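*Asks:* give me a model of this one.
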Amino acid sequence: MTSLVGTRILLRFNLRRDRLMIPVWVAVNTLMVLSMPNTLKTLYGTPAERADLIHQVATNASFRALIGPVFDNSVGALTAWRVGVYAGVLAAVTSLLVVVRHTRDEEESGRQELISSGAVGRRASLTAALLAAAVANAVLALLVVAGLAGQGAVGALAFGLGLAAVGMVFATAAAIVAQLTESARLARGLTAGVLGAAFVLRAAGDSATTDGSSVWTWLSPLGWLENLRAYGGERWWVLALFAAAIALQAAVAYGLAGRRDIGMSFLPTRPGPSVGRLGTAGALAWRLQRGSVLGWSLAFFVVGVVYGGLTDGVADIVGDNESARRIFERMGGQSALTNAFLAAMVGMMGLVAALYVVGSVLRLYGEETSGRAEPVLANPVGRLRWATGHLVIAFGGSVLLMLVTGLGFVVGYGKEAGPILGACLVQLPAVWVIGGLAVLLYGVLPRAATAAWGVAGAVLLIGWVGPALDAPQAVLDLSPFGHLPKLPGGGMEWGPVLVLLALAVALVAAGLAGLRRRDLTT
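*Replies:* As a prediction, the model looks like this:
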């Protein structure tokens, strides 16, 4: 077929461009999944302990909304329950980023027009993008199946295929959205919104039933993943739902791709605001990033409400399990279990806020490499002033995220706001250190700027998996979050906080100095 000419070469090119991003995302997802069986064996080593956990989950709607229902008391089934939803979300995020990067991003930058001037079919770029996502999901599935085979090969196969299928559902969804919109940023945002809606539908359904049978659960691909029931009496026919959704969405994407010109979209682009509203670098930065800030803020508030609602029931879930108690204490400090849980969950939100800061800082890199920064800087706008506008959104936005997280905890938990808000705000120095490192990489080594994602991912992995694996304190201390006081419940220690603040300021200053001296990336 002439419309697919050049697909093989484009696929090799896409995989070469993603030779760092795909392995990092897949490795983080795989390690998260494969670290869980040993952790669960430590926490719930006997069938009686696992049966008690299942009973507690069945009677706690908030935990089911957050993680999902449990279908068996084996270690494999508990692994699929504990990480299934979040591994599926991570696979979906990886897939949508890959597809949008190799479709709408290429058109927006003008590279697709150059590629299409050669011997390349009309649908070759879309096919290569979907195949790159398929490669990432296939590798994830193979690693998960191989790693969980010891818990049962059949369940491992079901779980691995389910994760890959979720990834491909959102890969094809991103392919459709990339045809509809003219902006890669909007394409990523809309597809992420679809993913968020899928999570909310699944959560609503799981909170209402104990077996995943709610209509709301079945409306979500994440609900299909849990209803595949890996290690819990596999329902292989659920894979047919994934296959049908992938085939239908791919057909729609291919149909749309054949009916538009390169660089065009089906949804009209709205005219921009008047010049007065974009008269400063800060106003322009806010215009570009306001959707991201508002979306992240809403998500953080909702998660805060959910975690706050779980707080009163954490003692029942943990019970007399000393191993689980020790994990919460390693994450949240040597305080009462409720305070330790709050501190651990607030710390997790701080880790996720670091991802927001990195993405917001790297918006500078995207503006520069796309050529949009050059016309702005050709006016009476200095580089530092231009960069500062985006950095205010990045670092100030993280303050907003942690504040709305604290408010969410207060709403869900129903206790006094002061200690919880203080615990949220004390995460900011560590968040800013990660953001400062992103500024340094962008300003001094712009071509290595995306390595900031790897740093943020490594810190997230240390904070999430390290305590559960009983990692040495030296490993936990590699993360700036490991030096923060454990609030609420612990004592406030200003020394580490001030050191982290000073380090963040130094990193940002060094990055801006490098930006001021180097040439723009072309």
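*Asks:* quick one: name whatever helix or strand follows whichever strand or helix holds Ala344.
*Replies:* According to DSSP states H and E, Ala344 maps onto helix 337-361. Next in sequence after helix 337-361, counting helices and strands by DSSP H and E, comes helix 363-369.
*Asks:* following element in sequence after that next one, please.
*Replies:* helix 373-377.
*Asks:* which strands or helices does that following helix pack on?
*Replies:* helix 363-369, helix 383-413 (3 or more Cβ pairs under 8 Å, 6 or more residues apart in numbering; DSSP states H and E). C-beta here means a position set from N, CA and C on the backbone, and glycine is covered the same way.
*Asks:* for the stretch 201-350 of the chain, what spans make up the helices?
*Replies:* With DSSP state H, counting those that start in this stretch as the criterion, the stretch 201-350 of the chain has helices at 215-218, 221-227, 238-257, 281-311, 314-318, 322-332, 337-361.
*Asks:* so which of those helices is nearest Glu106?
*Replies:* helix 238-257 (12.7 Å; Cβ to Cβ).
*Asks:* what's the local residue count around Met348?
*Replies:* By the criterion of other Cβ atoms under 10 Å, Met348 has 19 neighbours.
*Asks:* when you give positions from now on, start the count at 11
*Replies:* Sure thing, new numbering starts at 11, so read that last one as Met358.
*Asks:* pull the helix or strand where Glu116 lies out as PDB, backbone CA atoms only.
*Replies:* Glu116 is part of helix 114-119, with elements assigned from DSSP H and E. Below are the C-alpha coordinates for helix 114-119, written out as PDB (Å, rounded to 0.1, in the frame of the first residue of the first chain):
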ATOM      1  CA  ARG A 114       1.200  16.300  16.000                       C
ATOM      2  CA  ASP A 115       4.500  17.400  17.500                       C
ATOM      3  CA  GLU A 116       6.200  16.700  14.200                       C
ATOM      4  CA  GLU A 117       3.600  18.600  12.200                       C
ATOM      5  CA  GLU A 118       3.700  21.600  14.600                       C
ATOM      6  CA  SER A 119       7.500  21.900  14.300                       C
END
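*Asks:* show me what it is packed up against.
*Replies:* helix 121-126, helix 194-218.
*Asks:* weakest of these by average pLDDT?
*Replies:* Among the helices and strands packed on helix 114-119, helix 121-126 carries the lowest mean pLDDT, at a mean of 68.
*Asks:* lowest-confidence helix or strand of this structure?
*Replies:* Within the chain, no helix or strand scores below helix 332-342, which has a mean of 54 by mean pLDDT, DSSP states H and E.
*Asks:* ok, back up a step: roughly how far is the helix holding Ala354 from the heart of the chain?
*Replies:* Helix 347-371 sits 13 Å away from the centroid of its parent chain (Cα atoms, centre = their mean, to the nearest Å).
*Asks:* by how many degrees do that helix and helix 194-218 diverge?
*Replies:* Here helix 347-371 points in a direction 160 degrees away from that of helix 194-218 (axes from the mean of the first three to the mean of the last three Cα atoms, to 10 degrees).
*Asks:* against which helices or strands is helix 347-371 packed?
*Replies:* Helices and strands touching helix 347-371, by 3+ Cβ pairs under 8 Å, 6+ apart, are helix 291-321, helix 324-328, helix 332-342, helix 393-423, helix 427-435, helix 438-454, helix 461-475.
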